[in-house]
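Trainee: predicted structure and sequence below. I'll ask about it afterward.
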Amino acid sequence: MDIYAIRRDGYDYQELDLEIDDFLEIFPENMDYNTIHNFSMENLALAKYWKPIKTGLSEIDGEKNLMPDICSWIGATLFLSPKAYRFLKETLTPFGELLPVLIGDDTYYIFNCLTVVDGGASAESTKDKLIFKMPEQYCIDIYCTDRLKDAIESFDLRGVIFETP
């Protein structure tokens, strides 16, 4: 079984126009600011606080500005189009949470990976995981096995590439 880092496919695709500061108010007042900003490293589940957020996509000057089906967002998260959500919802759900964001009249999703593999990504440590993050990488990158890579490619979902770490 092969392991891949999921990376943004260059700058041809638009980006989710949403920063952590845009949704700070959803968290309890007593929650530590650094914990919120480092939610991926802290492996913080967001669903219990999350409310659908209205946002958009940012265009990048001088680039193609294609609409992504799937792309990386902040830390070990992915941004999913309605198409990617339909194809990957059941596959991703056991490994994290899907958080809705509203863009125009459509609902897109942020996948917040909550699956951590300690001690490096070996065939043994990842055998039952399709997508995960590693504390050795400060849980800011997202990794997958060849099974998820193959699914994303077979559904022709655009916006990410897969690199061997």
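Mentor: Ah, there it is. Quick caveat, the model's predicted, so the values are computed rather than measured.
Trainee: pLDDT weak spots in the protein?
Mentor: Where the chain drops to pLDDT under 70, the residues are 119-126, 138.
Trainee: that one: helices as residue ranges?
Mentor: 33-37, 82-92, 123-126, 146-154 (DSSP state H).
Trainee: of the ones you listed, flag the one that's most buried.
Mentor: Ranked by mean neighbour count under mean count of other C-beta atoms under 10 Å, the helices of the chain are led by helix 82-92, which reaches a mean of 17. For glycine as for every other residue, the C-beta is placed from the backbone atoms N, C-alpha and C.
Trainee: pull the residues that contact it.
Mentor: 69-70, 80, 98, 106-109, 111, 130-131, 148, 151-152, 155, 157 (C-beta atoms under 8 Å, 6 or more residues apart in numbering).
Trainee: among these, give me the pair with the biggest separation.
Mentor: Asp106 and Leu130 (25.3 Å; C-beta to C-beta).
Trainee: those two: which is more packed in?
Mentor: Neighbours per residue, other C-beta atoms under 10 Å: of Asp106 and Leu130, the larger number sits with Leu130, 19 against 10.
Trainee: for the nearest residue to that one once chain neighbours are set aside, list the residues it contacts.
Mentor: Closest residue in space to Leu130, ignoring its immediate chain neighbours: Leu148 at 4.3 Å, by C-beta to C-beta, 6 or more residues apart in numbering. Counting by C-beta under 8 Å, 6+ apart, Leu148 touches Thr91, Leu130, Ile131.
Trainee: which ones are touching the last one?
Mentor: Meaning Ile131. Contacts here follow C-beta under 8 Å, 6+ apart; on that basis Ile131 touches Ile6, Leu92, Phe95, Gly96, Cys113, Thr115, Ile142, Tyr143, Cys144, Thr145, Leu148.
Trainee: could the residues you listed be laid out in JSON lines, adding distance to Glu15?
Mentor: Output for the contacts of Ile131, formatted as JSON lines (distance: C-beta to C-beta, whole Å):
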{"residue": "Ile6", "distance to Glu15": "15"}
{"residue": "Leu92", "distance to Glu15": "20"}
{"residue": "Phe95", "distance to Glu15": "23"}
{"residue": "Gly96", "distance to Glu15": "20"}
{"residue": "Cys113", "distance to Glu15": "18"}
{"residue": "Thr115", "distance to Glu15": "24"}
{"residue": "Ile142", "distance to Glu15": "16"}
{"residue": "Tyr143", "distance to Glu15": "21"}
{"residue": "Cys144", "distance to Glu15": "20"}
{"residue": "Thr145", "distance to Glu15": "26"}
{"residue": "Leu148", "distance to Glu15": "22"}
